[in-house]
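K.L.:
Okay, sequence plus prediction incoming.
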Amino acid sequence: MALDVELAEIRDFLAAQEPFADLPQEALTRLVPRLTVEYHRRGTAIMTPGRDSVHLYVVRSGAVDMRDAIGTLVDRGEVGDCFGSTTLLGGNPSTFSVVAIEDTLTLAMGAATFAELCNDHREFGEFFDAQRTRRMAGAVAAKQASASGGAILKTRMSELARKAPITVSVRANVREAAQVMSDAGVSSLLVMDGERLAGIITDRDLRNRVLAAGRDGTTPLADVMSANPVTARADGLAFEAMLEMVARNIHHLPLMDGDQVIGVVTTTDLMRLEQANPVYIAGDIAKQKDSAGVAAAAARLPRVVESLVAQDASAADMGRIVTSVGDAVERRLIALAEERLGAPPVPYCWVTLGSRARMEQALAADQDNALIIDDAAQPADLDYFAQFAELVTGWLVEAGYPRCPGDVMATNPKWRITLREWKHVFGEWLNAPVPDAILRASIFFDMRPVAGDAQLYAELDDLVRSQAPSSKRFLSHLAGAAVANEPPVGFFRGFVLEKEGEHAHTLDIKRGGVGAVVDLARVHALALGLPARNTDERIAGAVAAKVMGAARGADLRDAFEFISYVRMSHQAAQVKAGTPPDNHISPDELSSFDKRHLREAFGIVRSAQSTLGTVYGTGKLG
Amino acid sequence: MAWFGRGRGEAKGLSRLAQAGGPVGAYAAAGLPDPATPAAHLRLLALDVETTGLDPAKDHILSVGFVPVSGRAITLDGAGQVHVRPPDGHEGVGASATVHGLTDDQVAEGVSAREALDLVAAALTGRVLLAHHAPIEVGFLSAVCRAAYGCDLPVRVIDTLALAQRAYPAHVEPPPGALRLWSARARFGLPVYGAHDALMDALACGELYLAQLAELEATSSRPVTLARLASSP
């Protein structure tokens, strides 16, 4: 009889999952009829510690959490992931709990089938051995992974002490020691008694123990040095040196090979160890002699972000670091432009706008900048600033900051004007607001001086902060725009449905996610006349002024941090994969954990928006 | 009560079929599952038929797929699918090909309707028939049974469409299409399948039942038995 039992759909599903993909087609075909299908409602336990389990499960749809006996999350199983093998291989009862965190459909095979597959197909068995080891290591491994970003864990101290130490005799006086330090360009000296390390003297000692103590240059070194200093063994790890220095609050550590001193490690050495150390990059940028050099140094920034994500830095910290590097680039290029064009005819202030002004820059950011020119400028002087803006923005493009598509740049004559003109422009926005114009202008209300005469900016800022709080129509327009920028909750609508591939769209996490909070915080800051530009600080300011509840504020800041973190992680993954970073996240790259939290975060933003609407009366737009 | 009201006809059919011998006779001799059986011990056969139309009097079966459900698990080793050739003198798949994608050649190689009934009866012995919009499956199988043995096929039936309907309050009309198999599944986050043959639809129906049962058991204070789940055939 033509009995056709081919469940191709299930076979093809398995064939797409590790480790079933390694099985030959006929093994898969034979496997399917030996499976059972079970459904587990969200919240129900599939495996329980102390209970026997005799199945290997494959998640067909939904998701499960695996926890060890004390409740530590060991792994999260999503579609295609297996669980139950640890108990099958290690013996009953189970030491894990597995709970469905979504409505979950599983395929299960019995212990005998599993043993047979492991036996017949070596790679299949090895996959589960490796998985078992990984899950046993569990949470500990997860913690180690987050700290494993740096070279500091792998480098030996002897590799750091490349130069012979600079020494001075214990019989020298303070002036002689200072002379040696000055000549050698070092911040510390090892003080030797013959071959023996007797002490160490540092810049800090000269300041604290000599000058501040009112002693003179003839003071014997032996009286002010740190005798018998803490040392480290040359074969130790750089990491240990760092711990030692942090614990004792010292910045210099002599390295010993036996009883012979072979060098000194400083905190600066340890920082430079990290090729991707942002402080180092910013310093490097400041030293560059031309725009190409600046561009080359700035090109290391994406790697920095990647390593920061690996080290689990917060999105707020990463935003500040990316901002600092961006500032360093801009400042250096401005200095180079002044060298090229000569000193400016009148004072100016170069301001940055938008995310960098807020200290929240991510990768893939356009340049947004403007020039405030001193009112003393004569028409003939303006040519200088036109050339100046051309030069700087062109070099910024070279350094990886593309031109602003909306032409919010100092090259645009509209945004390269005198202070008096700027005051007029802001006056129009604040006092005679046109809705469209306000929308486009919002970026100018996140402004920060980067180079030149900051006083020019301060005058403009004073005007905004004194007038904005009473500009009700302006605030109402701005609040309306902020509320209209709804977080894309629809992206997750029926988050179970979206797995069916109905949403081919990606999420623009900058516009709809990060942007919604930024807009919200800006309205509060302007309404309150706050000096804060940073979104986090603006929210804190709104809470302090009691226009936002403390709990709401804390939620909103957490939501902002989480949304920003997802964005940074997305960009870090792109850098790692060698693709240019952007802000478009596809649902596939989000874990169900991320999705759940993003959805919550968006919910928080939505409710904060509705409150904003009530406070500033956004109903009357137009 | 439905269980008592139809008792006599059902008993007559069972006894008539039991004498017929063969798989259908064995099915009847084994009797129908007890309405008091708790869901955890219930044995079912999720079944789907592809047909040339909706009227068992005029149309005929082209394909049958089924998969057994035992308690709260689907056991794939009992899965089966068979194509059914049209009765002599009847046209083939006709316009219905657009619905199920079966071709005349495929069904021509199939078994006769009576052989298909034997196959289903063997798989269904001791089990409850589980289908989405079960009147179709029951109607077509009974039509074959009447032609062969002169009586309807006595069955216990659970209809996942009726269970989906119960999720809505009596006075609320479900949105159009909400009760269809694939919409009803979506509510439980069940996966979408690419292929839609009788076997995959039977599996889809079985999975939907597991999800509906889990929901019912989680929200119900009384034990869930066959009597609570069943529809009148």
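P.N.:
The structure has been received and is ready for your questions. Only a predicted model underlies this, so the values are computations on that prediction, with no experimental measurement involved.

K.L.:
Surely A:Gly110 touches A:His55?
P.N.:
Yes. Applying C-beta atoms under 8 Å, one finds A:Gly110 in contact with A:His55, separated by 6.3 Å. Heads up, the C-betas are built off the backbone N, CA and C, glycines and all.

K.L.:
burial measure for A:Gln25, as a count.
P.N.:
9 (other C-beta atoms under 10 Å in any protein chain shown).

K.L.:
no wait, A:Asp216
P.N.:
A:Asp216 has 10 neighbours, counted by other C-beta under 10 Å.

K.L.:
Contacts only, for it.
P.N.:
A:Val174, A:Val210 (C-beta atoms under 8 Å, 6 or more residues apart in numbering or on different chains).

K.L.:
For A:Gly110 and A:His55, indicate the residue with more neighbours.
P.N.:
The neighbour count for A:Gly110 versus A:His55, taken as other C-beta under 10 Å, is higher for A:His55 (23 against 15).

K.L.:
for chain A, what helix or strand is lowest in average pLDDT?
P.N.:
Across the helices and strands of chain A, mean pLDDT, DSSP states H and E gives its lowest value to helix A:122-147, namely a mean of 54.

K.L.:
now for the helix or strand following that one, which elements pack on it?
P.N.:
Once the chain leaves helix A:122-147, the next helix or strand it forms, by DSSP states H and E, is strand A:167-169. In this structure, strand A:167-169 packs against helix A:174-184, strand A:188-193, with contacts taken as 3 or more C-beta pairs under 8 Å, 6 or more residues apart in numbering or on different chains; DSSP states H and E.

K.L.:
Check which strands are paired with strand A:167-169 and give the direction for each one.
P.N.:
Strand A:167-169 pairs in its sheet with strand A:188-193 (parallel), by DSSP bridges.

K.L.:
re the thing from before, in a markdown table, list the helices and strands packed on strand A:167-169 along with distance to A:Arg67 and mean pLDDT.
P.N.:
Output for those, formatted as a markdown table (distance: least, C-beta to C-beta, whole Å; pLDDT from 0 to 100):
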| stretch | distance to A:Arg67 | mean pLDDT |
| --- | --- | --- |
| helix A:174-184 | 57 | 91 |
| strand A:188-193 | 50 | 92 |
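
K.L.:
so where's the stretch 151-300 of chain A shaky on pLDDT?
P.N.:
Where the stretch 151-300 of chain A drops to pLDDT under 70, the residues are A:151-155, A:162, A:239, A:243, A:246-247, A:271-280.

K.L.:
how far out from the middle of the chain is the lengthiest helix in chain B?
P.N.:
If you go by DSSP state H, chain B has its longest helix at helix B:198-219. Here the centre of helix B:198-219 is set off from its chain's centre by 13 Å, with C-alpha atoms, centre = their mean, to the nearest Å.

K.L.:
The helix or strand just after it near chain A at all?
P.N.:
Under the assignment DSSP H and E, the closest C-terminal helix or strand after helix B:198-219 is helix B:226-229. No. Using C-beta under 8 Å from any C-beta of the partner chain, helix B:226-229 never reaches chain A; the gap is at least 15.1 Å.

K.L.:
Name the residues that touch helix B:226-229?
P.N.:
Contacts for helix B:226-229 (C-beta under 8 Å, 6+ apart): B:3, B:33-37, B:39, B:42, B:128, B:156, B:158, B:163, B:213, B:216, B:222.

K.L.:
which of those residues come close to chain A?
P.N.:
Counting by C-beta under 8 Å from any C-beta, the members of those near chain A are B:Leu213.

K.L.:
for the contacts of helix B:226-229, which one is nearest chain A?
P.N.:
Using C-beta to the nearest C-beta, B:Leu213 comes nearest to chain A of the contacts of helix B:226-229, at 7.9 Å.

K.L.:
Now do the same for the closest residue in space to that closest one that isn't next to it in sequence: its pLDDT.
P.N.:
Nearest non-adjacent residue to B:Leu213, counting by C-beta to C-beta, 6 or more residues apart in numbering or on different chains: B:Ala39, 5.7 Å away. Per-residue pLDDT puts B:Ala39 at 93.
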